[in-house]
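Q: Predicted structure and sequence below. I'll ask about it afterward.
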Amino acid sequence: MLSIIILNYNTFDLTCQCIESIYEETKNVDFEIIIVDNASTVDDSDKFLELFPKIKLVKNTENRGFAGGCNDGIKIAKGDTILLLNSDTKLLNDAISITYDFLNTHPNVGIVTCRLENEDGSPQNNCQAFPKIKNILIELFRIHKLLPHKRVANILYGPYPDYSTIAYPHWVWGTFFMFPKKLLNIFPNQLLPETFWMYVEDMQWCWLSRKSGYDVAIVPNGKVLHYGGKNHSEVAKNMINENFLRFLDMYYNKMHAWIIIRLLKILEWSQWRKWFAKNK
């Protein structure tokens, strides 16, 4: 059985659309849907039960963030497999059955995701590599232009893969994040770490999973429309940057982290300069 956990915070219409797409597209998996309302300030979350009487509803009295809200759903989940699914998504096919079957036939895989698409059908860059000095230098000096595309995709991920074949990136977004419930045994209290309230938590979960010997995979035959994943507010950008620096501080030695931070700043400046020269 699969437990699908969807966090809702002031996204009632989107969440309803997400739920409807699950019921419409999912054919070959026994599942339950758990909606965790993170103290929404608009719309009564009880309306979910009126529209979808089979779901389970968790009503938080405070916004517990992404990690905390997901754990609140996990605590009542009955399935042996968990899917964390963003409310701003819509299944385009039976992505849940496709990834569920893959996970159950690949015991070495601890986390699996699918192809996330923009409204125009283009893929989102939901597969990423952990920061490495070598990788940053490859981009900074544009060495990737000299390498075979497939090799670049398997080193750098991000925008480089074509998102049409099964791959094993370092980490994936929490937008569509499926894992066996037994994976929680590697974490304290058998729950996902809540180190980060929002953003970078998915990177941490994949880091710890890989350190425990599990692979992370994308199965692009499963397709999901994701309305987010484009632009972040300044507040979100600042939170991402702060959490990323904290991640480096937690898992990298100080000299390694210092070099990565400075190289990334140089890379960012280089990319901005190229954009400006092209668009001025």
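A: Thanks, I have the structure now.
Q: pull the longest strand from the protein.
A: Using DSSP state E to define each element, the chain has its longest strand at strand 215-226.
Q: Show me what that one is packed up against.
A: strand 89-91, helix 95-105, strand 109-117, strand 171-172, strand 176-180, helix 201-211 (3 or more CB pairs under 8 Å, 6 or more residues apart in numbering; DSSP states H and E). The C-beta positions use only the backbone N, C-alpha and C, and glycine is treated the same way.
Q: Relative to the whole chain's centre, how far out is it?
A: 10 Å (CA atoms, centre = their mean, to the nearest Å).
Q: And for stretch 60-76, what's in contact with it?
A: Residues outside stretch 60-76 that contact it (CB atoms under 8 Å, 6 or more residues apart in numbering) are 3, 5-7, 9, 34, 36-39, 56, 58, 82, 84, 174, 181, 184, 191-199, 201.
Q: any chance of the helices and strands packed on strand 215-226 in CSV, plus mean pLDDT and distance to residue 218?
A: Shown next, in CSV, are those (pLDDT from 0 to 100; distance: least, CB to CB, whole Å):
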stretch, mean pLDDT, distance to residue 218
strand 89-91, 98, 15
helix 95-105, 98, 9
strand 109-117, 98, 5
strand 171-172, 97, 6
strand 176-180, 98, 10
helix 201-211, 98, 12
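Q: Where do the helices of the stretch 151-280 of the chain begin and end?
A: 201-211, 234-251, 254-279 (DSSP state H, counting those that start in this stretch).
Q: right, and those - which one's nearest residue 139?
A: Among the helices of the stretch 151-280 of the chain, the nearest to residue 139 by CB to CB is helix 254-279 (6.0 Å).
Q: avg pLDDT for that closest one?
A: What helix 254-279 shows for mean pLDDT is 71.
Q: So that it lines up with my notes, have the first residue be 350 from now on.
A: New numbering, starting at 350: the last item is helix 603-628.
Q: Could I get the contacting residues of the closest residue to residue 379 other than its chain neighbours?
A: Excluding the flanking residues, the one nearest residue 379 by CB to CB, 6 or more residues apart in numbering is residue 350, at 4.9 Å. With contact set as CB under 8 Å, 6+ apart, residue 350 has these partners: 379-381, 427-430.
Q: repeat that for 10 Å
A: Residues in contact with residue 350 (CB atoms under 10 Å, 6 or more residues apart in numbering) are 378-381, 426-430, 530.
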